[in-house]
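Peer 1: fold the following, please.
(chains A and B)
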Amino acid sequence: MTSKFYITTPIYYVNASAHIGHSYTTIAADTLARYNRNLLGKDKVRFLTGTDEHGQKIQRAAEKEGLSPQQFTDKIVPTFKNLWAKLDISYDDFIRTTEERHIRAVQRVLEILHAKNEIYAAQYEGWYCIPCETFWTEMQLVENACPDCKRPVEKIQESNYFFKISAYQDWLIDYLKSHLDFIRPASRHEEVCRFLELNKLTDLCISRPQERLGWGIPFSFSPEHVTYVWFDALINYISAVGSFDDKGRYVSEWWGDDVKVVHLIGKDILRQHAVYWPIILKALGIRMPDTVFAHGWWMLGEDKMSKSRGNVVSPLEMVDKFGVDVYRYFLLRDVPFGLDGNFSEDALIKRFNSDLANDLGNLVYRTLTMIEKYYQGNVPQGEFKAADAQAEAIGVKIAHLGHRLASNLGAGDYNFSLALESIWELINMANKYVEDSKPWNLSKEGKTEELRNFILVLVGVIRKVSAAIAPFMPQAAVSIKEQIGQNEIKKGNPLFPRIEIKKV
RNA sequence: CGCGGGGUAGAGCAGCCUGGUAGCUCAUUAGGCUCAUAACCUAAAGGUCGGCAGUUCAAAUCUGCCCCCCGCAACCA
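Peer 2: Coordinates of the predicted model:
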């Protein structure tokens, strides 16, 4: 019985500013959060995002700027929050891994696992590159040198803590096979299963010596060790919404059996979420999330987009140029959730002109004009009436839209693209209905009854559409409502004025 | 023989699991209409479904082989 919905994004690593990928996951999560709030009620939905702030990369980035790690992350975090504000992200909570609530939870988790003998101390041996301060495996070395800086590496040993994930391999395989909705889309489920069947898990090293890495959460029972960033980071999903009691039981109103727990992630961090995370939870005796959904990447032309290549699309720039709703719409509409996509301004403009300007914007605008012209700006009295076959078909479409959206946004695969398509089917029917009804003739011929029914059908469609697009495009939904929500319409400028492509 | 994803109209994709006249969006062309943002509606053109072979009455769809493209160290959605 799930009556509540808890959705998360990954916590973003703050060693650089946010790019299109961060915004993609977050916009998708926001859309689902908004959708479910409408369905279940505002207080039945919890939407968490946040930042991952520990680790070597942060430490080094801070040093480069002559700041302490905390000062550095304090400086970066607002840039994320500002972006989310600009993208209309309605998160309920924003967790930072440097917050007290999180640090306490991580330490408790370590204590509990330690007490249960799930973690143990051992020598860690590996090839270490001193300038890069990084361990490499034998496999990663390039001609016996550091793959990053090409300098020679040294074999060193240090004492660390390990988490017994190898003991859970069989359990995990069984779990995945009996819970096909756990890892989505299905292709990722298979990828993980295949990986687990072909490889033997080795216990996960979850600590770093304090002297080598100062910036992390210290082990309470071994202060000379700090927590490895991934172990630290994953815990955020539970540290944000609950806590452990004296007996080590996790207590949370957002992680019970009545809650549907969904993690949205990018395909790059599938391993951590599909392997480490369930095992951590299992070892703690905490229930599994319902779904981990790994979406694809946005490519830029031929290249993969990444921080290190510097070929990132700035979400802020796109929003300033085209508007939030347009950006949100494009990301969710252009590519099926789960697959990789190609980002280009040309593609965005194409979408904009054909879907938003020509189909939706124009439908609203032409309807408003007709209400102005034929009814002096007042929506005629009366109800939606299926006076002819087309109106009837539209009525059926309106009635079924909720189910269509539910099947695309509610279960298993989050197919935003199809959900939007189903809304656009209705928009297109309405545009065609205008053509076929020829209201200008109805007006001339004095067929007032027909004209009124016709207008009411359009108004019905527009109101339905504005409600349906609200999770995707909150602002557009509001402005449609402002223009045509009342009996007296308020026609403004076109919602989405066409962008003429006069390329530089 | 490493793993995975992919190769379908000019572009981007669906269809493939559960074989049976090859579909969608955009772009193009022609027509219609005027309420509308050169928009909307209708129609047309455009594909030997990467190649070869096999199974079959029938293959984009199943099987085998081959070719080409993209990922598979780390950071990163």
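Peer 1: so which bits of stretch A:364-372 are buried?
Peer 2: A:364-368, A:370-371 (16 or more other CB atoms under 10 Å). In this view, the C-beta of every residue, glycine as well, is placed from N, C-alpha and C.
Peer 1: from the residues you listed, which land in strands?
Peer 2: If you go by DSSP state E, those have nothing in strands.
Peer 1: of those residues, which are in range of RNA strand B?
Peer 2: The subset of the buried residues of stretch A:364-372 within reach of RNA strand B, counting by CB under 7 Å from any atom of the strand, consists of A:364-366, A:370.
Peer 1: in helices only, show me the buried residues of stretch A:364-372.
Peer 2: A:364-368, A:370-371 (DSSP state H).
Peer 1: adding pLDDT, write those out as CSV.
Peer 2: Listed next are these as CSV, based on pLDDT from 0 to 100:
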residue, pLDDT
A:364, 96
A:365, 96
A:366, 96
A:367, 96
A:368, 96
A:370, 96
A:371, 95
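Peer 1: between those residues, which is nearest residue A:401?
Peer 2: Nearest to residue A:401 out of these is residue A:364 (CB to CB; 17.1 Å).
Peer 1: for the closest one, what are its contacts?
Peer 2: A:462, A:480, A:483-484, A:495 (CB atoms under 8 Å, 6 or more residues apart in numbering).
Peer 1: could you redo the last one with a cut-off of 6 Å?
Peer 2: A:462, A:480, A:495 (CB atoms under 6 Å, 6 or more residues apart in numbering).
Peer 1: was I right about residue A:154 contacting residue A:126?
Peer 2: No - contact between residue A:154 and residue A:126 fails when scored by CB atoms under 6 Å: they sit 9.7 Å apart.
Peer 1: what about these two, which has more around it?
Peer 2: Neighbours were counted for residue A:154 and for residue A:126 using other CB atoms under 10 Å; residue A:126 has more, 17 against 9.
Peer 1: where does the more buried one land in three-state SS?
Peer 2: strand (DSSP: H, G, I helix; E, B strand; the rest coil).
Peer 1: quickly list what it is bridged to.
Peer 2: residue A:156 (DSSP bridges).
Peer 1: what's the answer for residue A:293, then?
Peer 2: residue A:184, residue A:264.
Peer 1: residue A:169: which of the buried residues of stretch A:364-372 is nearest?
Peer 2: Closest to residue A:169, out of all of the buried residues of stretch A:364-372 and judged by CB to CB, is residue A:364, at 55.7 Å.
Peer 1: as a markdown table, the contacts of residue A:364 with secondary structure would be great.
Peer 2: Output for the contacts of residue A:364, formatted as a markdown table (three-state DSSP):
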| residue | secondary structure |
| --- | --- |
| A:462 | helix |
| A:480 | helix |
| A:495 | coil |
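Peer 1: which ones, among those, also lie beside RNA strand B?
Peer 2: residue A:495.
Peer 1: let's have the contacts of residue A:364 in a markdown table, adding pLDDT, distance to residue A:64 and neighbour count.
Peer 2: Shown next, in a markdown table, are these (pLDDT from 0 to 100; distance: CB to CB, whole Å; neighbours: other CB atoms under 10 Å):
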| residue | pLDDT | distance to residue A:64 | neighbour count |
| --- | --- | --- | --- |
| A:462 | 96 | 53 | 23 |
| A:480 | 95 | 48 | 23 |
| A:495 | 93 | 45 | 20 |
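Peer 1: where does chain A have its least confident helix or strand?
Peer 2: strand A:303-304 (a mean of 50; mean pLDDT, DSSP states H and E).
Peer 1: helix or strand right after that one?
Peer 2: Downstream of strand A:303-304, the next assigned helix or strand under DSSP states H and E is helix A:315-322.
Peer 1: and the helix or strand following that following helix, how far from the chain's centre?
Peer 2: Going down the chain from helix A:315-322, the next helix or strand is helix A:324-334, by DSSP H and E. Computed by CA atoms, centre = their mean, to the nearest Å, the separation of helix A:324-334 from the middle of its chain amounts to 13 Å.
Peer 1: before we move on, what about stretch A:249-258?
Peer 2: Counting by CA atoms, centre = their mean, stretch A:249-258 comes out at 22 Å from the chain centroid.
Peer 1: what mean pLDDT does it get?
Peer 2: When pLDDT is averaged along stretch A:249-258, the result is 96.
Peer 1: got the contact list for the most far-flung residue of chain A relative to its centre?
Peer 2: In chain A, the residue that sits farthest from the middle, by CA atoms, centre = their mean, is residue A:445; the gap is 52.6 Å. Residues near residue A:445 by CB under 6 Å, 6+ apart: none.
Peer 1: ok, now how distant is it from residue A:438?
Peer 2: 10 Å (CB to CB, to the nearest Å).
Peer 1: can you report phi and psi for the closest residue to RNA strand B within the stretch 251-400 of chain A?
Peer 2: Residue of the stretch 251-400 of chain A nearest RNA strand B, by CB to the nearest atom of the strand: residue A:266 (1.4 Å). Main-chain torsions, residue A:266, degrees, to the nearest 10: phi -90, psi 160.
Peer 1: tell me how many other residues crowd it.
Peer 2: 18.
Peer 1: residue A:32: which of the contacts of residue A:364 is nearest?
Peer 2: Once CB to CB is applied, the member of the contacts of residue A:364 that ends up nearest residue A:32 is residue A:480, at 21.4 Å.
Peer 1: which residues sit in contact with that closest one?
Peer 2: A:364, A:466.
Peer 1: mind giving me the domain ranges of chain A?
Peer 2: Domain ranges of chain A: A:4-295, A:345-503, per automatic domain parsing.
Peer 1: got JSON lines for these, with distance to residue A:317 too?
Peer 2: JSON lines is the format used below for these (distance: least, CB to CB, whole Å):
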{"stretch": "domain A:4-295", "distance to residue A:317": "10"}
{"stretch": "domain A:345-503", "distance to residue A:317": "10"}
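Peer 1: buried residues in stretch A:431-442?
Peer 2: So, applying 16+ other CB under 10 Å, buried residues of stretch A:431-442: A:431, A:433-434, A:437, A:439, A:442.
Peer 1: actually stretch A:347-362, not the one I wrote
Peer 2: For stretch A:347-362, using 16+ other CB under 10 Å, the buried residues are A:348-349, A:351-353, A:355-357, A:359-362.
Peer 1: just stretch A:262-277 next, same as before
Peer 2: Buried, per 16+ other CB under 10 Å, within stretch A:262-277: A:262-267, A:269-270, A:272-277.
Peer 1: turn those residues into CSV, including secondary structure and pLDDT.
Peer 2: What follows is those, written out as CSV (DSSP: H, G, I helix; E, B strand; the rest coil; pLDDT from 0 to 100):
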residue, secondary structure, pLDDT
A:262, strand, 93
A:263, strand, 93
A:264, strand, 92
A:265, strand, 90
A:266, strand, 87
A:267, helix, 85
A:269, helix, 87
A:270, helix, 87
A:272, helix, 89
A:273, helix, 91
A:274, helix, 90
A:275, helix, 90
A:276, helix, 91
A:277, helix, 94
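Peer 1: what's the neighbour count on the nearest residue to residue A:269 once chain neighbours are set aside?
Peer 2: Of all residues not flanking residue A:269 in the chain, residue A:10 sits nearest, at 6.2 Å (CB to CB, 6 or more residues apart in numbering). For residue A:10, the count of nearby residues is 25 (other CB under 10 Å).
Peer 1: what about residue A:10, which SS state?
Peer 2: strand.
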